[in-house]
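1. I need the structure of the sequence given here:
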Amino acid sequence: MQNVYLGIVLAPLFGALVAGLFGRKIGRAGAHWVTIIGVAVAFLLSLVVLRHHVFNGAEPYNGTVYTWMMIEGIRLEVGFLVDNLTAVMISTVTFVSLMVHIYTIGYMHDDDGYQRFFSYIALFTFSMLMLVMANNFLQLFFGWEGVGLVSYLLIGFWYKRESAIFANMKAFLVNRVGDFGFLLGIAAVLMAFNSLDYADVFAAAPLMTGVTVEVIPGLDWSLMTLICILLFIGAMGKSAQVPLHVWLPDSMEGPTPISALIHAATMVTAGIFMVARMSPLFELSETALSFVLVIGSITALFMGFLGIVQNDIKRVVAYSTLSQLGYMTVALGVSAYPVAIFHLMTHAFFKALLFLGAGSVIIAMHHEQDIRKMGGLWKYMPITWFTFLIGTLALVGTPGFSGFFSKDSILEAVHYSHIAGSGFAYFAVVLGVFVTSFYSFRLYFVVFHGKERMDHHTKEHLHETPAVVWGPLVLLAIPSVIIGAMTIEALLFGNGFGNSIFVAPEHNVLEHIKEEFHGPMNFALHGLTALPFFLVLAGFGAAFYLYMLRPELPERIRQRIAPVYAILDNKYYFDSFYQRFFAKGSRETGTLLWKYGDAGLIDGVLVNGTARLVGWFAAVARHLQTGYLYTYAFAMIVGLLILLTWFVAR
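-> Residues are numbered from 1 along each chain as shown. Next comes the predicted model:
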């Protein structure tokens, strides 16, 4: 099987290298074929791994592929850990990536950077697979930085746009903050365990539960709490948790296919996966779990509010991603790691569907993204309309759809948790159900129903997008409906994840849910009588009333609550705060250091000052060299007299 594991990561890498290095020679068709075939091979091999480990119950594979170096007994190597968790992740990543690759043929058809884009997205897939399949922290960090680098390249893909350059630099810098914490966490692991191998660290972790470190003089911290919080700071950057969330909405500046890839299957899910993989460490610190829980709760609720006021079709879906990532993080915080990965998987399908559906609308609207200039599109784009509806129903958690099974499992898990902060978390995620339903149906009604608000020229040319665009929508719509019901019992209450996730007995909230679980059908039927479903209906009803029956009301409400709207419209002023105190402050600090440090002290005193001193001394000494013999004789006599005087005086 080792060759299969190698094939999964190398096939997309091969496609990326060929399309990137030889794109001009192989042409546009060659670039998309080589990358699509590479990702398709990775997907098929992932299904082989899924069958081998999840369905046939094979033992996890943990092996070294290549040893880079050894430093005082510490092995730095490339290696794979392939277990049930890995199998689920790589199957999800490669399937969504394959759909995005196919969709890109239609979306980027007229773009000059066609070959470069395919190279980037294949490289993105490779980086994510290396991260997911890693068996050590070094390779994890390689994949972690790989997805960060490629996201920077893709967000700023249209590099002639100033907004795109600003967005990719913003993403890069914010992620550097999170990655600094992540790197410190890895350093702490190395310091404590003298190893970067998962198996060694996880085996030794229980022995470290009582160990403390003095981060601040006079204040002892639990070593495991410190390690987990530092690692989670990295996840806060990658998975866009408050307050390191500000980069994700701006990532919409990249082409729509990369928005789908970042938000559905790669990058933002890396942090969620990492915490689940590190469950043997996080289970040793309730403080760290509470920290994760509270951060996730704030993100789930307050980022959902922002989706209500957005008018860019992609940004509404982007804030939905932020909120759903908060739900996943909440599940991690209550030790429901299988539920977090379950929601990650279902979310990947319907969120990719929504983003690609938004892209289909953007193509038909001649790259118009303002939903206030749309309306009534269902008549012109029936396939996009129907698949987008499926994605919306899955997102809001309609009983029977995939999102329902995973989201309601999160609500139940939080309900049974006793970790500090679980009360606030339950309030946040339950209220978030209404918020999600409201902004999702607002988007759906404004775009596909109601009054047609597009200009006459756009309306004349409106039609369904080509099959290469709507085909992936249909293929993504299928799992958005059925994958939740098909997998909930195996992944949450069976042996779907095997021993790849560790949960302490006192934190095992899934045991309580399991007692009341009597199959997916009964779970869905029970959901029809539960509070979350009524909140979904309330959100649907509010959106229908405001945007279909009384479309003039939202503007009146906005004027009535202008201060609240201003806060939401300015995204809680996070951007302004960071711009003023961090970005501007850093520039001003740099200017002062350059003016007084570099130009003043180093150049002015040490470099140029030394040169001026030597020049002055040379100018003085030059006057002593007259070229006359009697001058030198006089100087010798004076010098001799001085020496004689000194010796006599002694």
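2. Surely residue 63 is within a strand?
-> Yes: with DSSP: H, G, I helix; E, B strand; the rest coil as the criterion, residue 63 is located in a strand.
3. Renumber starting at 54 from here on
-> Sure, I'll start numbering at 54, so the last one becomes residue 116.
4. Wait, it touches residue 131, no?
-> No: the pair residue 116 / residue 131 is not scored as a contact, 10.3 Å apart, by CB atoms under 8 Å. Placement of C-beta: from N, CA and C, glycine included.
5. Look at the two and report which has more neighbours.
-> residue 131 (18 against 13; other CB atoms under 10 Å).
6. helix/strand/coil for residue 59?
-> On the basis of three-state DSSP, residue 59 is classed as helix.
7. give me every residue that touches the closest residue in space to it that isn't next to it in sequence.
-> Leaving aside its sequence neighbours, residue 59 sits nearest to residue 118 (CB to CB, 6 or more residues apart in numbering; 7.0 Å). Applying CB atoms under 8 Å, 6 or more residues apart in numbering, we find residue 118 in contact with 55, 59, 130-133.
8. got the contact list for the residue nearest the centre of the chain?
-> Nearest to the mean C-alpha position of the chain, counting by CA atoms, centre = their mean, stands residue 321 at 2.2 Å. Residues near residue 321 by CB under 8 Å, 6+ apart: 291-293, 301, 315, 374, 378.
9. Using the three-state scheme, assign residue 298.
-> With three-state DSSP as the basis, residue 298 sits in coil.
10. The residue nearest to it when sequence neighbours are not counted: helix or strand, and which one exactly?
-> Once flanking residues are discounted, residue 298 sits nearest to residue 375: 5.7 Å by CB to CB, 6+ apart. According to DSSP states H and E, residue 375 maps onto helix 366-386.
11. packing partners for the following helix or strand past that helix?
-> The helix or strand immediately downstream of helix 366-386 is helix 390-417, counting by DSSP H and E. With contacts taken as 3 or more CB pairs under 8 Å, 6 or more residues apart in numbering; DSSP states H and E, helix 390-417 sits against helix 137-160, helix 309-317, helix 321-330, helix 366-386, helix 435-449, helix 455-469, helix 520-541.
12. Report the buried residues of the helix or strand of the chain with the lowest mean pLDDT.
-> Ranked by mean pLDDT, DSSP states H and E, the helix or strand of the chain with the weakest confidence is helix 637-645, at a mean of 75. Residues of helix 637-645 classed as buried by neighbour count (16 or more other CB atoms under 10 Å): none.
13. Equivalent analysis for stretch 548-555, please.
-> Using 16+ other CB under 10 Å as the test for burial, stretch 548-555 gives 549-551, 553-555.
14. what pLDDT does the nearest residue to residue 593 once chain neighbours are set aside get?
-> Nearest residue to residue 593, sequence neighbours excluded (CB to CB, 6+ apart): residue 494, at 5.0 Å. Note for residue 494: predicted pLDDT of 96.
15. Poorly predicted segments of this protein, please.
-> Applying pLDDT under 70 to the chain flags the ranges 677, 703.
16. does residue 123 really touch residue 129, like I thought?
-> Yes: look at residue 123 against residue 129 with CB under 8 Å: they come within range, at 7.2 Å.
17. Restricting to C-alpha, output stretch 145-157 in CSV.
-> Output of stretch 145-157 as CSV, limited to C-alpha atoms (Å, rounded to 0.1, in the frame of the first residue of the first chain):
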residue,chain,number,x,y,z
THR,A,145,-13.1,14.5,0.8
VAL,A,146,-10.2,16.7,-0.3
THR,A,147,-9.5,14.9,-3.6
PHE,A,148,-13.2,14.6,-4.6
VAL,A,149,-13.9,18.3,-4.0
SER,A,150,-10.6,19.3,-5.7
LEU,A,151,-11.5,17.2,-8.7
MET,A,152,-14.9,18.9,-9.1
VAL,A,153,-13.1,22.3,-8.8
HIS,A,154,-10.6,21.3,-11.4
ILE,A,155,-13.3,20.3,-13.9
TYR,A,156,-15.4,23.4,-13.1
THR,A,157,-12.3,25.6,-13.7
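18. Let me see the contact set for residue 345.
-> Contact analysis of residue 345 by CB under 8 Å, 6+ apart lists 285, 328, 335, 382, 385-386.
19. and the angle for the helix holding residue 375 with helix 455-469?
-> With axes from the mean of the first three to the mean of the last three CA atoms, to 10 degrees as the basis, helix 366-386 and helix 455-469 are set at 40 degrees to each other.
20. Residue 344 touches residue 286, doesn't it?
-> No: Residue 344 is beyond contact range of residue 286, at 9.7 Å (criterion: CB under 8 Å).
21. Looking at these two, which has the bigger crowd around it?
-> residue 286 (23 against 20).
22. Pretty sure that one sits against residue 241.
-> No: taking contacts as CB under 8 Å, residue 286 lies outside contact range of residue 241: 11.7 Å.
23. ok, and what's touching stretch 487-495?
-> Residues contacting stretch 487-495 (CB under 8 Å, 6+ apart): 354, 357-358, 360-361, 363, 369, 372-373, 376, 445, 448-450, 588-593, 595-597, 599-600.
24. now do stretch 613-631
-> 296, 298-299, 302, 355, 358-359, 361-362, 611.
25. Restrict the residues you listed to the buried ones and give me that as a PyMOL selection.
-> In PyMOL syntax, the buried subset of the contacts of stretch 613-631 is picked out as below (16+ other CB under 10 Å):
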select buried, resi 298+299+302+355+358+359+361+362
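26. In which helix or strand does residue 586 reside?
-> Using DSSP H and E, residue 586 falls in helix 584-597.
27. tell me which residues of that helix are tucked away?
-> Buried, per 16+ other CB under 10 Å, within helix 584-597: 585-586, 588-589, 592-593, 596-597.
28. Report the two of the residues you listed separated the most.
-> Spatial extent of the buried residues of helix 584-597 (CB to CB) is set by the pair 585 and 597 at 18.6 Å.
29. and residue 177, how far is that from residue 304?
-> 13 Å (CB to CB, to the nearest Å).
30. Which neighbours do these two have in common?
-> Counting by CB under 8 Å, 6+ apart, the common neighbours of residue 177 and residue 304 are 204, 311.
31. Once you drop chain neighbours, what's closest to residue 341?
-> Nearest residue to residue 341, sequence neighbours excluded (CB to CB, 6+ apart): residue 281, at 3.6 Å.
32. can you list the helices and strands packed on helix 390-417 in TSV and add distance to residue 607?
-> Converted to TSV, the helices and strands packed on helix 390-417 look like this (distance: least, CB to CB, whole Å):
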stretch	distance to residue 607
helix 137-160	31
helix 309-317	26
helix 321-330	30
helix 366-386	14
helix 435-449	19
helix 455-469	26
helix 520-541	28
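33. Of those helices, flag the one that's most buried.
-> helix 309-317 (a mean of 29; mean count of other CB atoms under 10 Å).
34. Alpha carbons of that one, in CSV - could you do that?
-> Extracted in CSV, the C-alpha atoms of helix 309-317 (Å, rounded to 0.1, in the frame of the first residue of the first chain):
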residue,chain,number,x,y,z
THR,A,309,-14.3,31.6,-7.7
PRO,A,310,-12.8,28.1,-8.1
ILE,A,311,-10.1,28.9,-5.6
SER,A,312,-12.7,30.4,-3.2
ALA,A,313,-14.4,27.0,-3.3
LEU,A,314,-11.2,25.1,-2.8
ILE,A,315,-10.0,27.2,0.1
HIS,A,316,-13.4,27.3,1.8
ALA,A,317,-14.5,23.7,1.3
